[in-house]
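[1] Coordinates for the following, if possible.
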Amino acid sequence: MGRERRPPAVHGGSLAKADDLVAAAGYLAARSDVDRVAGLGICASGAYLASAAAKTSLFSSLALVAPALPSRETVVANLGGPQGVAALRDAGREAREHYERTGEERLEPAVPSTDDYFADPARGAIPAWDNTFNPASWDQWLDYDAQASASRLTVPLLVVHSDAAASPESVREFVASVPGPVEQRWLEGVTQYDFYDRPGPVKTAADAVARHFTAVPSVHRQQ
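    Below is the predicted model of the structure:
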């Protein structure tokens, strides 16, 4: 996903990221030295992975750690209600029109400089991440439904989350709609950012994911 090359107006679209994951899974599945393809999604990538898995049968199992799976209602509420969403759509339209007129992207910071994780060089503010967001893609973000893929997931699924992390009610709503087998691990008092780099929660989640993936039998392909 990090090396994608797309027109600026669609940079960062959620469905485009899901398509990238499907393409990556297809590449791996075609290799003779790969006997199965499992998917791990953390935070927002959990939603993109679920969307990808709903489109293809290439994944043998899935694991979502601290997934961001907000319903559309939650998104609207978090972005200032219908009025706030309308303002973002207007900003997106203006950014697209500006690019069409000038060829220049109106890039904005993806997170504020006060963010506890992504603004901290000792944590998420690494050189490989440029902290930019193209407002021209607002429509794609706002129209994306992270809950839509739940009813189409049939492979074994592991969810690791916490009531202190992002939108736990949306995660429970998502899990309730999954028809396939689901294992849940709910950790107490673990924040969203704790799942990213705190040794304790990271080890707990990683160990759970490893057990989940190894429990699914390999698919031996004929040579």
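
[2] what's downstream of the lengthiest helix in the chain, the next helix or strand?
    Ranked by residue count and defined by DSSP state H, the top helix of the chain is helix 81-102. Counting by DSSP states H and E, the next helix or strand C-terminal to helix 81-102 is strand 108-109.

[3] show me where pLDDT drops low in this protein?
    The chain contains residues with pLDDT under 70 at 1-12, 218-223.

[4] go again using 90 as the cut-off
    Residue ranges of the chain with pLDDT under 90: 1-16, 70-74, 129-130, 140-141, 216-223.

[5] the helices in it, which residues?
    Taking DSSP H as the criterion, the chain carries its helices at 14-29, 44-53, 72-78, 81-102, 138-143, 168-176, 194-197, 199-215.

[6] If you count neighbours, what's buried in the fourth one?
    The reference is to helix 81-102. V85, L88, G92, A95, R96, Y99 (16 or more other Cβ atoms under 10 Å). Using the backbone N, CA and C atoms, a C-beta is placed for each residue, glycine as well.

[7] and what of the fifth one?
    When neighbours are counted by 16+ other Cβ under 10 Å, the buried residues of helix 138-143 are found to be W138, D139, Q140, W141, L142.

[8] quick one: L157 and R185 touch, right?
    No: counting by Cβ atoms under 8 Å, L157 stays clear of R185, with 11.8 Å between them.

[9] more crowded one of those two?
    More crowded of L157 and R185, by other Cβ atoms under 10 Å: L157, with 24 against 16.

[10] so what's T154 closest to, chain neighbours aside?
    G180 (4.0 Å; Cβ to Cβ, 6 or more residues apart in numbering).

[11] just P82 next, same as before
    Nearest to P82 is V76, by Cβ to Cβ, 6+ apart, at 6.5 Å.

[12] what's the one you found in contact with, if anything?
    Residues near V76 by Cβ atoms under 8 Å, 6 or more residues apart in numbering: P82, G84, V85.

[13] Which of the residues you listed lies at the shortest distance from G26?
    The closest of these to G26 turns out to be V85 (Cβ to Cβ; 34.4 Å).

[14] circling back to that earlier point, mind giving me a markdown table with the contacts of V76 and columns for distance to G103?
    Shown next, in a markdown table, are the contacts of V76 (distance: Cβ to Cβ, whole Å):
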| residue | distance to G103 |
| --- | --- |
| P82 | 33 |
| G84 | 29 |
| V85 | 28 |
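
[15] In TSV: the helices of the chain, plus distance to P121.
    Below are the helices of the chain laid out as TSV (distance: least, Cβ to Cβ, whole Å):
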stretch	distance to P121
helix 14-29	26
helix 44-53	22
helix 72-78	27
helix 81-102	28
helix 138-143	27
helix 168-176	29
helix 194-197	13
helix 199-215	19
